[in-house]
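Enquirer: From the sequence below, what's the structure:
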Amino acid sequence: MRCDRSFAFADYQILFPVHSASAPREFFRRPPPPPAPIPIHPASARASRGRKSRSFRCFRRILNSPPHICLTMLRAKETFRKMYSVAKNYCGGGLAASDALSVSALGRSLKPSRKASRHVVPCRARSFTQCSLGGGSADQEIVIALGSNVGDRISTFDRALRMMKNSGVNITRHACLYETSPAYVTDQPRFLNSAVRGTTKLEPHELLKKLKEIEKDIGRTDGIRYGPRPIDLDILLYGKSHISTENLTVPHERIHERPFVLAPLVDLLGSSTDDNVEKSWHSLAKCTGGFFESWDKLGGESIIGTEGIKRVLPVGNCLLDWSERTLVMGVLNLTPDSFSDGGKFQEVEAAIAQTKLLISEGADIIDIGAQSTRPLARRLSADEELERLVPVLDAITGIPEMEGKLLSVDTFYAEVAAEAVKRGVHIVNDVSGGQIDPRILEVVAELGVPYVTMHMRGDPSTMQSEQNLLYGDVCKEVASELYKRVRQAELSGIPLWRIVLDPGIGFSKNSKHNLEVIMGLESIRTEIGKMSLGASHVPILLGPSRKRFLGEICNRVNPTERDAATMVVATAGILNGANIVRVHNVKYGVDTAKNGVHSLCPAIWSKHRKWLMMSMVCLNPVACQVVFFHYLVGCFKLMGNTQEKLESASLARISKAPSSLLCFNGLISLSFGVTQALAWKRAGLMVRPSVQVSGQG
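Expert: Okay, the predicted model is just below:
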């Protein structure tokens with residue numbers, strides 16, 4: 001068959017055939033997907049209306065065609081029904097536009113944004129009303145917002161996600177979880193808000209109907225507008241469509257004034273420009289910079305952590321705002337062969353005594369491990385691990401000191417995780433990220449507890465092999481591999497708001513790699529943010545405590561002598577964005593974290609170094625040591641790589657420092673910080689300085 005005329009109509013191309021004996025009679029074919037809608041300049045509005053009219057006249061011409069054409073059209077019921085639906089919607093005011101400006105014309109017509117955005121949206125379109133055919137056999141990418149402020153909000157979210165999956169929505173990504181102040185009607189409880197991204201074959205109004213049924217099943221009834229509700233499910237985005245009907249508007253007309261909607265929506269996007277779907281979504285925003293600019297206009301990241309909106313981690317019976325302060329996780333090893341304290345706490349009485357000590361020193365979380373993950377350690381079976389774990393776990397959960405504290409289990413077995421949570425554990429800490437026992441992902445999803453996924457190549461017996469230590473850009477590769485773990489967890493049903501990232505200090509990394517990761521946590525977040533901004537905002541756990549690389553740097557063979565070095569790198573990690581530090585010596589860990597040194601910006605460090613060091617002597621000798629350490633790191637960059645200049649400058653500054661700076665108790669001393677910094681520099685291990693120092697100290 002050959003065609004002498006064709007007209008674009010919505011998502012289909014209608015062909016007027018000229019019969020040929022050598023070709024089958026075929027009147028409809030599906031064209032390639034159209035490009036994202038491109039803005040039409042106001043001066044072209046009249047031309048646009050003319051194109052719509054011509055398209056509609058084209059459809060009327062089909063209806064008045066000869067009988068054999070009409071019969072063929074009737075045989076293609078599904079196609080004809082969709083075409084009729086579009087024509088009907090057009091009569092009501094909406095019709096999809098198939099015409100588009102060229103990319104070069106778009107570039108000439110765009111005006112620069114008044115406010116520069118953090119993110120670049122290369123394709124921006126001022127959208128007009130567009131009515132989508134949707135549904136059918138093609139999956140449509142969608143975003144659905146969730147809100148709740150009545151009852152058990154977390155359980156309600158979990159139930160809504162399960163019901164959406166059963167209703168034909170395949171959830172592929174989750175936003176972070178936000179606790180927000182009520183809007184419009186302020187005399188009501190605080191809300192939990194989030195959003196999910198997924199795919200569906202349901203048409204827009206079919207999807208809306210399913211969501212309303214879920215709301216009703218969960219218990220939502222008609223009430224005051226913007227009032228309390230057990231669940232609220234809204235379609236934020238559907239495919240590449242701008243939908244405007246009596247019952248459904250996509251995107252919502254007030255989306256740009258609502259931080260509790262925009263924050264989760266932005267989480268589901270990436271900062272890179274490779275995703276065509278995301279480009280089309282940005283084209284539906286009212287700003288040149290897409291939804292990124294809309295979010296920035298409301299304050300962006302600067303408003304997160306305020307009373308109006310907070311990111312939270314649901315754990316136990318509380319919502320944890322990890323941005324308020326650094327959390328300290330104390331280590332309790334129940335193994336005979338752990339590198340640091342193996343064999344000390346195998347007996348129940350000894351384990352209980354150590355737990356009470358960790359709690360008294362200020363631990364927020366107790367991480368219990370019954371399987372050694374040191375290099376070349378023998379791997380226990382799940383039954384052997386449970387045999388060690390269960391008696392101690394049962395005893396610990398019964399002591400009054402555990403009231404209000406959190407328990408974490410360090411395991412990579414699904415069976416162990418399930419049994420531990422059943423006996424009172426709140427968090428699953430998996431060093432393998434689901435690689436050793438993939439079943440653990442689905443089990444944790446069912447358990448509904450936070451999941452720590454760590455970066456490691458291979459397993460403890462192979463992680464330090466030559467092949468697993470090969471990196472180009474270690475931070476970039478760790479970020480990429482960690483994000484793969486996050487994607488597997490999400491697709492298994494673990495929401496992003498229950499995921500914690502661990503870059504895996506000491507796992508599949510040598511000393512230089514470890515230091516690069518510690519000093520490059522921000523770059524790891526940035527790399528992850530290119531793929532998912534939400535994943536770049538989740539908490540980061542850092543576990544450098546007493547690791548071998550610290551012994552190599554400081555020449556400390558005994559792991560218990562590495563606590564001071566642990567605090568130095570822990571503080572460096574906190575300053576670069578770590579939210580939880582995992583340590584053996586909780587007393588030192590709390591000293592490092594509790595004074596909030598992580599909240600000090602580099603500019604303040606640079607301007608007020610003397611004042612900070614003097615004040616921290618009185619408050620926290622460990623923190624003071626670390627302040628001076630970071631000052632030296634800045635000196636490395638300012639004065640180049642000449643060791644003589646560095647040492648002379650360091651000694652000169654020490655000689656001018658008040659004598660109180662040099663008088664600390666035990667191993668925690670400023671002199672240790674200086675000598676350690678110099679040793680690191682000589683070993684070629686000082687990398688990625690995070691603080692630049694200018695002017696005189």
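
Enquirer: Now Asp321. Its backbone dihedrals?
Expert: For Asp321, the backbone dihedrals (degrees, to the nearest 10) come out as phi -90, psi 100.

Enquirer: My read is that it contacts Lys310, right?
Expert: Yes - with contact defined as CB atoms under 8 Å, Asp321 reaches Lys310; the gap is 5.0 Å. Placement of C-beta: from N, CA and C, glycine included.

Enquirer: where does the protein have its least confident helix or strand?
Expert: For the chain, counting by mean pLDDT, DSSP states H and E, helix 103-109 ranks last in confidence among helices and strands (a mean of 35).

Enquirer: Need the residues that contact stretch 491-501.
Expert: 157, 161, 172-177, 194, 267, 312-314, 427, 434, 441-442, 444-446, 448-454, 482, 486, 489-490, 528, 532, 534-535, 538-541, 580 (CB atoms under 8 Å, 6 or more residues apart in numbering).

Enquirer: Now with 7 Å, please.
Expert: Under the criterion CB atoms under 7 Å, 6 or more residues apart in numbering, residues 172, 174-177, 194, 313-314, 441-442, 444-445, 449-453, 482, 486, 489-490, 534-535, 538-541 lie in contact with stretch 491-501.

Enquirer: Report the mean per-residue pLDDT for that stretch.
Expert: Per-residue pLDDT over stretch 491-501 has a mean of 97.

Enquirer: now do stretch 210-217
Expert: Per-residue scores along stretch 210-217 average to 96.

Enquirer: Stretch 307-320 too?
Expert: 94.

Enquirer: okay, Asp321 and Lys310: which has more neighbours?
Expert: Taking neighbours as other CB atoms under 10 Å, Asp321 and Lys310 compare with Lys310 leading, 20 against 14.

Enquirer: ranges for the helices of the stretch 301-450 of the chain?
Expert: 348-360, 382-396, 414-422, 439-447 (DSSP state H, counting those that start in this stretch).

Enquirer: Could you check the angle the third one makes with helix 382-396?
Expert: For helix 414-422 against helix 382-396, the angle between stretch directions is 10 degrees (axes from the mean of the first three to the mean of the last three CA atoms, to 10 degrees).

Enquirer: same deal with the first one?
Expert: Calculated by the same axes, to 10 degrees, helix 348-360 forms an angle of 60 degrees with helix 382-396.

Enquirer: May I see the buried residues of helix 348-360?
Expert: Neighbour counts using 16 or more other CB atoms under 10 Å place Ala351, Ile352, Gln354, Thr355, Leu358, Ile359 of helix 348-360 among the buried residues.

Enquirer: name the helices or strands packed onto that helix?
Expert: strand 327-333, helix 382-396 (3 or more CB pairs under 7 Å, 6 or more residues apart in numbering; DSSP states H and E).

Enquirer: and the gap between Pro189 and Asn317?
Expert: For Pro189, the distance to Asn317 equals 16 Å [CB to CB, to the nearest Å].

Enquirer: One more: Ala418?
Expert: 20 Å.

Enquirer: domains of this structure?
Expert: In terms of domains, the chain is parsed into 140-314, 325-599 (source: the TED database).

Enquirer: which one of these is the most hemmed in?
Expert: domain 325-599 (a mean of 20; mean count of other CB atoms under 10 Å).

Enquirer: the strands in the stretch 501-650 of the chain, which residues?
Expert: 541-542, 580-583 (DSSP state E, counting those that start in this stretch).

Enquirer: Provide the strand pairings for the last one, with the direction of each partner.
Expert: Strand pairing for strand 580-583, using DSSP bridges, gives strand 327-333 (parallel), strand 541-542 (parallel).

Enquirer: any weak-confidence spans in the chain?
Expert: Along the chain, the parts satisfying pLDDT under 70 run over 1-137, 337-343, 595-697.

Enquirer: rewinding a little: including distance to Ile231, could the helices and strands packed on helix 348-360 go into a markdown table?
Expert: Rendered in a markdown table, the data for those read as follows (distance: least, CB to CB, whole Å):
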| stretch | distance to Ile231 |
| --- | --- |
| strand 327-333 | 30 |
| helix 382-396 | 35 |
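
Enquirer: which residue packs closest to Arg173, ignoring adjacent ones?
Expert: With CB to CB, 6 or more residues apart in numbering as the criterion, Arg173 has its nearest non-adjacent residue at 4.1 Å, and that residue is Arg197.

Enquirer: now do Asp234
Expert: Ala145 (4.6 Å).

Enquirer: Which of the helices or strands spans the one you found?
Expert: strand 140-148 (DSSP states H and E).

Enquirer: pretty sure Asn468 is in contact with His455, am I right?
Expert: No - applying CB atoms under 7 Å as the test, Asn468 and His455 come out as separate, 11.2 Å apart.

Enquirer: I'd guessed Glu278 sits against Ser271; true?
Expert: No - using CB under 7 Å, Glu278 makes no contact with Ser271, being 9.9 Å away.

Enquirer: List the contacts of Pro228.
Expert: With contact taken as CB under 7 Å, 6+ apart, Pro228 is in contact with Asn149, Val150, Gln188, Pro189.

Enquirer: farthest-separated two in these?
Expert: Farthest apart among the contacts of Pro228 by CB to CB are Val150 and Gln188. That separation is 8.8 Å.

Enquirer: Taking strand 140-148 as reference, get the angle to the host helix or strand of Lys279.
Expert: Following DSSP H and E, one finds Lys279 within helix 276-283. Relative orientation of helix 276-283 versus strand 140-148 (the same axes, to 10 degrees): 60 degrees.

Enquirer: Which elements pack onto helix 276-283?
Expert: On a contact count with 3+ CB pairs under 7 Å, 6+ apart, helix 276-283 meets helix 290-297.

Enquirer: quick one, phi/psi of the nearest residue to Leu521 once chain neighbours are set aside?
Expert: Distance criterion CB to CB, 6+ apart; nearest residue to Leu521, sequence neighbours excluded, is Asn576 at 4.1 Å. Main-chain torsions, Asn576, degrees, to the nearest 10: phi -100, psi 10.

Enquirer: Spell out which helix or strand contains Arg197, please.
Expert: Arg197 belongs to strand 191-200, assigned by DSSP H and E.

Enquirer: Next, the distance between the ends of stretch 396-403.
Expert: 11 Å (CA to CA, to the nearest Å).

Enquirer: what's in contact with that stretch?
Expert: Ala351, Ile352, Thr355, Lys356, Ile359, Arg423, Gly424.

Enquirer: ok, now stretch 172-182?
Expert: Contacting residues not belonging to stretch 172-182 are listed as 149, 188, 190-199, 260, 263-264, 267-268, 307-312, 314, 319, 490-491, 495-497, 532, 534, 537-538 [CB under 7 Å, 6+ apart].

Enquirer: Recalculate using a threshold of 8 Å.
Expert: Against stretch 172-182 from outside (CB under 8 Å, 6+ apart): 149, 188-199, 226, 259-260, 263-265, 267-268, 307-314, 319, 321, 490-491, 495-497, 532, 534, 537-538.

Enquirer: hmm, back to that, mind giving me a markdown table with the contacts of stretch 396-403 and columns for distance to Met402?
Expert: Formatted as a markdown table, these follow (distance: CB to CB, whole Å):
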| residue | distance to Met402 |
| --- | --- |
| Ala351 | 12 |
| Ile352 | 10 |
| Thr355 | 8 |
| Lys356 | 9 |
| Ile359 | 7 |
| Arg423 | 12 |
| Gly424 | 8 |
